[in-house]
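Chemist: quick one, structure for this:
(one chain, ligands or ions: 2)
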Amino acid sequence: MTSFKDFDFHPSIEESIDAMGFTKPTAVQAMTIPVILGNKDLIACAQTGTGKTAAFLLPVLQRIMENDDFDGTKLLVVVPTRELALQIDQHLQGFTYFIPVSTVAVYGGSAGDVWDQQKSAIAAGVNIIIATPGRLISLISLDYLNAGKLQTLVLDEADRMLDMGFYDDIVKIINKLPKKRQTLMFSATMPPKIRELAKKILNDPVEVNISIAKPAEGVLQGAYLVHEKDKPDLIMDLLRDRHELKSILVFASTKKSVKSLHKKLKGEEFSCDTIHSDLEQQDRIKVLNDFKNRKFQILIATDIVSRGIDIDSIDLVINYDVPSDAEDYVHRVGRTARAEMEGVALTFINSSDVRSFKNIETLIGSTVHKLPLPPHFDEGPEYVITKGSDHRKLYGKGKPKKGFKKDKKTRKDQS
Ligand code: ADP
Ligand code: MG
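Modeler: Numbering: from 1, shown residues only. Ligands and ions are numbered 1, 2, ... in the order given. Have a look, this model is predicted:
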């Protein structure tokens, strides 16, 4: 398994990855970051929510830091909509919190004075520009864009840009850029029009294609909004006297919570066992075999068993904690309803896991039904991303270093 450490990022970049709360690269990041660092052209196709933004931002920031070259526009990201421009800019604010890279996002509809500021930032050679095609064409025709130092062009959500009729604009933009550059295309789908564009603008590209399976049709998915303190009671409430369920798989995020949950359930006479990374390989195999052979009812696991191991006919999967990696959710839920059988997957969402669960819903492309808590429980948290958890996720672990001003957007225009 790849870790962010494997990429040898600059310490300030590693620090920002940490502050964003990313613990390991997603599949698309693991596959594309080495390609981009290796200066190759790329076409990458992966579903929404798989982490494509960081996949291109991190290696480009790494190149800027490595060369210690902050002179001129190095990266141009072309996106279909204002919303996406803002989203990428937000990511970028997180990743550049500890590094002196200047960025600007330009899109239609910004106020006149903002547009003036943006134009002068761009004329001054802001390091990273995120732009919608229309605004970019205006900048080019007004002769504000100086692309002489450009190293990388990214076309994000390329399929959507073509759907919105931006083909000619993209070609026009590309004709204004240096021939010697790295070009990266990201897309959620790979229709023939995209292949055609890729052929035209990419130079001997590496192709990365990740399609992950959606949860099987037969799985009934539900979720409880529940305070952390109430989770043990809720799981006992759900599992008590459910003898018709022969095999139940419970996932918790850490060894510690696996062990403490095991202790609680054991204490209440549930038939259960655990699997986690402290067990030797032979012990893991034994536990899994006993579970398959229905020698006990409930297996409590960290995510080491969520991938790869084939256990058929699990009746119920419970995510006691929301997996931080959305793809892990799909793998876990995939443990139930194998071979066309019906299965149920339930997830406990506490107030700080709302963001992660919304990411999961984006990834699977549907909303999971929120179930009411049993009557004697305290009301659960609301299904909204709270300001507090938001802040912690973005900037939780560190303060910006002295000397790095947060108002990077104006840094260049003042000089
Ligand atoms: P895409 O462009 O593929 O649709 P995004 O880049 O917008 O996906 O990322 C989707 C969500 O996943 C964002 O909220 C982002 O912060 C989060 N994310 C990205 N990479 C990671 C990671 N390695 N670990 C945890 N969360 C991540
Ligand atoms: Mg994206």
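Chemist: which positions in the stretch 301-415 of the chain make contact with ligand 1?
Modeler: Neighbours of ligand 1 within the stretch 301-415 of the chain, by C-beta under 6 Å from any ligand atom: 324, 359. C-betas here are computed from N, CA, C, even on glycine.
Chemist: before we move on, what about the chain?
Modeler: Counting by C-beta under 6 Å from any ligand atom, the chain sits next to ligand 1 at 22, 25-26, 29, 48-54, 324, 359.
Chemist: all strands for the stretch 301-415 of the chain, in order.
Modeler: Secondary structure of the stretch 301-415 of the chain (DSSP state E, counting those that start in this stretch): strands at 316-319, 343-349, 369-370.
Chemist: select, out of the ones you listed, the one closest to H243.
Modeler: Taking C-beta to C-beta, strand 316-319 is the member of the strands of the stretch 301-415 of the chain nearest to H243, at 12.5 Å.
Chemist: in three-state terms, label A54 for me.
Modeler: Under DSSP: H, G, I helix; E, B strand; the rest coil, the three-state class of A54 is helix.
Chemist: quick one: low-confidence ranges for the chain?
Modeler: Applying pLDDT under 70 to the chain flags residues 1, 211-218, 304-312, 337-342, 387-415.
Chemist: so where do the strands sit in it?
Modeler: Per DSSP state E, the chain carries strands over the ranges 42-46, 75-78, 103-106, 128-131, 152-155, 182-187, 206-210, 219-225, 248-251, 272-275, 298-301, 316-319, 343-349, 369-370.
Chemist: what separation do you get for P323 and V333?
Modeler: Distance of P323 to V333, given as C-beta to C-beta, to the nearest Å: 10 Å.
Chemist: give me the more crowded residue out of the two.
Modeler: It is V333, of P323 and V333, that has more neighbours when counted by other C-beta atoms under 10 Å, with 27 against 23.
Chemist: any idea how far ligand 1 is from the more buried one?
Modeler: To ligand 1, V333 is 18 Å away according to C-beta to the nearest ligand atom, to the nearest Å.
Chemist: show me the contacts for that residue.
Modeler: Shown in contact with V333 (C-beta atoms under 8 Å, 6 or more residues apart in numbering): 215, 219, 221, 317, 345.
Chemist: isn't the third one up against H369?
Modeler: Yes - with contact defined as C-beta atoms under 8 Å, Q221 counts as touching H369 (7.0 Å).
Chemist: give me the more crowded residue out of these two.
Modeler: A count of neighbours by other C-beta under 10 Å puts Q221 above the other of Q221 and H369, at 21 against 9.
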